[in-house]
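A.B. asks: Give me the fold of what follows.
(one chain, ligands or ions: 1)
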Amino acid sequence: MMKAELEAIAQKMVSDGKGILAADESTSTIKKRFDAIGVESTEDNRRDYRELMFRADAMQEYISGVILFDETIRQKAKDGTPLVTLIEQAGSIPGIKVDAGAKPMALFPGETITEGLDGLGGRLKEYYDLGARFAKWRAVIDIGAGIPTPGAVAANAHALARYAALCQEAGIVPIVEPEVLMDGDHGIERCYEVTEYVLKVVFSELYLQRVCLEGMVLKPNMIVPGKKARTQASVAEVAEKTVRVLKSTVPAAVPGIAFLSGGQSDEDATAHLDAMVKLGSLPWKLTYSYGRALQAAPQKAWSGKAENVAAAQAAFTHRARMNSLAALGQWSSEQEKKKAA
Ligand code: 13P
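C.D. replies: Alright, predicted model coming up:
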């Protein structure tokens, strides 16, 4: 295992004021996003959309790495340049989603297990040759009556750790993503309790599978109430609880934590990150690895029209800049208004 290389990549992924663009929507997920803006999900449209993102100013200044889907890592821009090269030319690192999705788990009604370990070693080799230097695997933990169960959490944590070990052996930094969903009507305390349990189990499995913590990045959810909960939480409470749960579960050897946005509004995702960084005295870097919270605005601005490309790039750069400021603890809602003016 090339420990020094893995550590250098992991550190670059979470370098000051930079975060990760999650552009790894599967074909079915990107179709949903395109349906919402009235764009047909063809291979060319998916390429055009990703190309406009990768050519935006945001890339050089604010985006340390981009998570790609299998189709995208093989695609070429309109002028024939591989999309991976566009990312590299911007000084950003190409990454790849390698899980095969969360599938219903046998004998565990209402819970899922993320698949994709079979043949993963071979696929990682191919992705490395295509330019990927980090990868992502997402485990999905839903909160509901009687779930999550210890059996499903253990199975998902084991798969995450096996994936991470295979990545490191291939010279690829694993993003370890155990996502506790914010669907449902549970309160913030329940999210805290479940996330704490999941992270404890995940780090225990990472240890058993000999994963080098210095050569990985954790991608967790924030501690928030369910979307349908009667009581919502303040920014200060989300920040305090999220930092508290992470301090009690994530070893300081982990170089960085890059949050998922998970369905929060764009501005909430930014405000929460900013408030956490402002708390200070953290043993790891905190940053973003947002999908929806970075792309909702550019998708809307683009709406599939070539004449809107510049506006979409500006919308992406604005959101990336806001999140970059948040990762530095320098964001304020005033800065959001500046753009609107
Ligand atoms: P969201 O920020 O939209 O949750 O996506 C991040 C991601 O990569 C989920 O796996």
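A.B. asks: Show the pLDDT at A341.
C.D. replies: Reported pLDDT at A341 in the predicted model: 45.
A.B. asks: pretty sure A139 is in contact with V180, am I right?
C.D. replies: No: judged on CB atoms under 8 Å, A139 makes no contact with V180 at a distance of 9.5 Å. C-beta here means a position set from N, CA and C on the backbone, and glycine is covered the same way.
A.B. asks: of the two, who's got more company?
C.D. replies: V180 (28 against 25; other CB atoms under 10 Å).
A.B. asks: in the sheet, who's paired with the more buried one?
C.D. replies: I141 (DSSP bridges).
A.B. asks: from memory it sits against N221, does it?
C.D. replies: Yes: in terms of CB under 8 Å, V180 counts as a neighbour of N221; the distance is 4.8 Å.
A.B. asks: shared neighbours of these two, which are they?
C.D. replies: 191, 195 (CB atoms under 8 Å, 6 or more residues apart in numbering).
A.B. asks: give me the residue from the stretch 51-200 of the chain nearest the ligand.
C.D. replies: R138 (4.3 Å; CB to the nearest ligand atom).
A.B. asks: For that residue, which three-state class applies?
C.D. replies: Secondary structure state of R138, per DSSP: H, G, I helix; E, B strand; the rest coil, is strand.
A.B. asks: From what I see, it and T112 are in contact.
C.D. replies: No: the criterion here is CB under 8 Å, and R138 misses it with T112 at 10.4 Å.
A.B. asks: any residues in contact with both of these two?
C.D. replies: A102.
A.B. asks: now the strands for the stretch 151-300 of the chain?
C.D. replies: 173-180, 217-218, 256-259, 285-290 (DSSP state E, counting those that start in this stretch).
A.B. asks: picking that back up, dump the residue contacts of the closest residue to the residue of the stretch 51-200 of the chain closest to the ligand other than its chain neighbours.
C.D. replies: Leaving out its chain neighbours, the residue that sits closest to R138 by CB to CB, 6 or more residues apart in numbering is E177, at 4.3 Å. If a contact means CB under 8 Å, 6+ apart, then E177 has 136-139, 160, 218-220, 260 as its contacts.
A.B. asks: Show me what from the protein comes close to the ligand.
C.D. replies: 22, 138, 177, 260-262, 290-293 (CB under 6 Å from any ligand atom).
A.B. asks: Format these as CSV; extra columns: pLDDT.
C.D. replies: Below are the residues of the chain next to the ligand laid out as CSV (pLDDT from 0 to 100):
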residue, pLDDT
A22, 98
R138, 98
E177, 98
L260, 98
S261, 97
G262, 97
Y290, 98
G291, 98
R292, 97
A293, 97
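A.B. asks: Can you say which helix or strand has I96 in it?
C.D. replies: Using DSSP states H and E, I96 maps to strand 93-97.
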